[in-house]
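*Asks:* I'd like to go over a predicted model; first the sequence, then the structure.
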Amino acid sequence: MSRAAPSARIKRGTRELNIALCVPLGGAAGICGPAALASAKLAIAELNANSGITGRQCHLVTVNTGDDAVELTDALAELVDVGRIDALVAMHTSAVRHDLVSGLGGRIPFVYTPSYEGGECTPGVFAIGATLTEQLQPAIQWLTLRHGLRRWLCVGNDYVWPRAAHQYARDYVTATGGSVVGEICLPFGTNDYGPVLDALRERRADSVLISLIGQDAVEFNRAFGEAGLADTVLRLSCAFGENELLGIGASHARNLYAASGYFASLDTASNRSFKERYYSRFGERAPTLDNCGQSTYEGIHFLAALLDDSANRPANRRTLSQLGVKPLAYRSARDAVYAGNRVSKMPIYLARAEGHAFRVLTRF
């Protein structure tokens, strides 16, 4: 059934604002789901303690967007059709994002929070995470200058984000005088990484770009460490966080680096304040914070700023295509800002795994 994309009106009302929180609760990326759900709940509680969004109390509708979810787009479209969802805040893979954008047609505001490949320009869709160009280029240059890296192998899951990472990496590595000696894309749930490790040895790679997601990244890095490669081959990831680090264990984490807009160990005023509120609400046994997890906190607050700004403008109505034109201030644990016209900016950090935590080395 075809569905027209109406001109959404953002206005003040009396009923609840229903927000679909699209996060992986299973599959490869499910390891990040608990922190993403908790972070979003914290943001909702903060907003509802005041005036909500556009004067309306907010309610989360949790949607599983793991790679094991089926018939996801149709189910969400039906909820939009009957008015049970007013906006989406999403932390999942770019493959899922493409499906949802195609199926929903920009009919409601859609805030996409994790790091991604860049280039999202669909009306009503706001990708507020760091992009590969912001993460990869300075990280590869910094590591190459300090470690004399020459030969990179790229390994990732088989979908758009890892393939884009490999393409960018080839350009950035070449610019430093090095070469990419192999690119390998694997299906979700791969459990035998022997051929990848064999290729790494045969091609004499001294560094690996890892674009595997969640549990797949955990399994690869365990195999990498057990193969005795951690002392001699450097690893870099733009999607590896604290939950994955806990999963692989400290003994497999030597020479492992991550480039990201957020680490739980960041010693900034914004992050200290965020973590104090997070652990005050959920306790010391709260889900482990990481970049993907906390991004939903920022996504909820970004949505609030976006809709409040539109509702407060003259005529009290705006279509999706007119949202997000001007700069917005919103609450962020990673000191991100929205510069307007779909441009988000944030610091990018490079960190090294040390035991079960990341130590931030530099800010780009």
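*Replies:* Cool, the structure landed.

*Asks:* Quick one: classify residue 141 as helix, strand or coil.
*Replies:* With DSSP: H, G, I helix; E, B strand; the rest coil as the basis, residue 141 sits in helix.

*Asks:* Could I get the contacting residues of residue 306?
*Replies:* Neighbouring residues of residue 306 by CB atoms under 8 Å, 6 or more residues apart in numbering: 109, 111, 126, 323, 324, 328. Every residue, glycine included, has its C-beta placed from N, CA and C.

*Asks:* Just give me how far the longest helix out of those in the chain sits from the chain centre.
*Replies:* Ranked by number of residues, the top helix in the chain under DSSP state H is helix 291-311. Counting by CA atoms, centre = their mean, to the nearest Å, helix 291-311 is centred 14 Å from the centre of its parent chain.

*Asks:* Convert the C-alpha atoms of that helix to PDB, please.
*Replies:* Output of helix 291-311 as PDB, limited to C-alpha atoms (Å, rounded to 0.1, in the frame of the first residue of the first chain):
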ATOM      1  CA  ASN A 291      29.000   6.200  22.600                       C
ATOM      2  CA  CYS A 292      26.100   4.400  21.100                       C
ATOM      3  CA  GLY A 293      24.300   4.200  24.400                       C
ATOM      4  CA  GLN A 294      24.500   7.800  25.500                       C
ATOM      5  CA  SER A 295      23.700   9.000  21.900                       C
ATOM      6  CA  THR A 296      20.000   8.400  22.500                       C
ATOM      7  CA  TYR A 297      20.100  10.800  25.500                       C
ATOM      8  CA  GLU A 298      21.300  13.400  23.200                       C
ATOM      9  CA  GLY A 299      18.900  12.400  20.400                       C
ATOM     10  CA  ILE A 300      15.800  12.900  22.700                       C
ATOM     11  CA  HIS A 301      17.100  16.300  23.800                       C
ATOM     12  CA  PHE A 302      17.900  17.300  20.200                       C
ATOM     13  CA  LEU A 303      14.300  16.300  19.200                       C
ATOM     14  CA  ALA A 304      12.900  18.500  22.000                       C
ATOM     15  CA  ALA A 305      14.900  21.500  20.900                       C
ATOM     16  CA  LEU A 306      14.000  20.900  17.300                       C
ATOM     17  CA  LEU A 307      10.200  20.700  17.900                       C
ATOM     18  CA  ASP A 308      10.100  23.400  20.500                       C
ATOM     19  CA  ASP A 309      11.900  25.800  18.200                       C
ATOM     20  CA  SER A 310       9.500  25.100  15.400                       C
ATOM     21  CA  ALA A 311       6.400  25.400  17.600                       C
END
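
*Asks:* Touching the helix or strand just after it from outside, list them.
*Replies:* The C-terminal neighbour of helix 291-311 among helices and strands, as given by DSSP states H and E, is strand 337-340. Strand 337-340 is contacted by residues 128, 302, 305, 324-330, 344-346 when judged by CB under 8 Å, 6+ apart.

*Asks:* let's go with 7 Å and repeat that
*Replies:* Outside strand 337-340, the residues that touch it by CB atoms under 7 Å, 6 or more residues apart in numbering are 128, 302, 324, 325, 326, 327, 328, 330, 344, 345.

*Asks:* Narrow these to those that are buried.
*Replies:* Buried members of the contacts of strand 337-340, counted by 16 or more other CB atoms under 10 Å: 128, 302, 324, 328, 330, 344.

*Asks:* correct me, but the fourth one touches residue 309?
*Replies:* Yes - in this structure, residue 328 is within contact of residue 309 by CB atoms under 7 Å, at 6.0 Å.

*Asks:* On the strand side of things, show who residue 154 bridges to.
*Replies:* For residue 154, the residues forming beta bridges with it (DSSP bridges) are residue 183, residue 209.

*Asks:* how near is it to residue 206?
*Replies:* 13 Å (CB to CB, to the nearest Å).

*Asks:* Looking at those two, which one has more neighbours?
*Replies:* residue 154 (25 against 17; other CB atoms under 10 Å).

*Asks:* Assess the claim that the more buried one and residue 167 are in contact.
*Replies:* No - applying CB under 7 Å as the test, residue 154 and residue 167 come out as separate, 9.3 Å apart.

*Asks:* just to revisit the earlier point, could you dump the contacts of residue 306 to TSV with pLDDT?
*Replies:* Putting these into TSV (pLDDT from 0 to 100) gives the following:
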residue	pLDDT
109	95
111	97
126	95
323	87
324	83
328	92
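
*Asks:* quick one: the helices in this protein?
*Replies:* Going by DSSP H, the chain shows helices at 33-48, 72-81, 94-104, 132-147, 160-175, 194-202, 214-226, 242-248, 269-282, 291-311.

*Asks:* so which of those helices gets nearest residue 120?
*Replies:* Across the helices of the chain, residue 120 has its closest neighbour in helix 94-104 (7.6 Å, CB to CB).

*Asks:* what is the orientation angle of the closest one with helix 72-81?
*Replies:* 40 degrees (axes from the mean of the first three to the mean of the last three CA atoms, to 10 degrees).

*Asks:* Low-confidence stretches in the stretch 1-150 of the chain?
*Replies:* Within the stretch 1-150 of the chain, the ranges that satisfy pLDDT under 70 run 1-14, 68-70.
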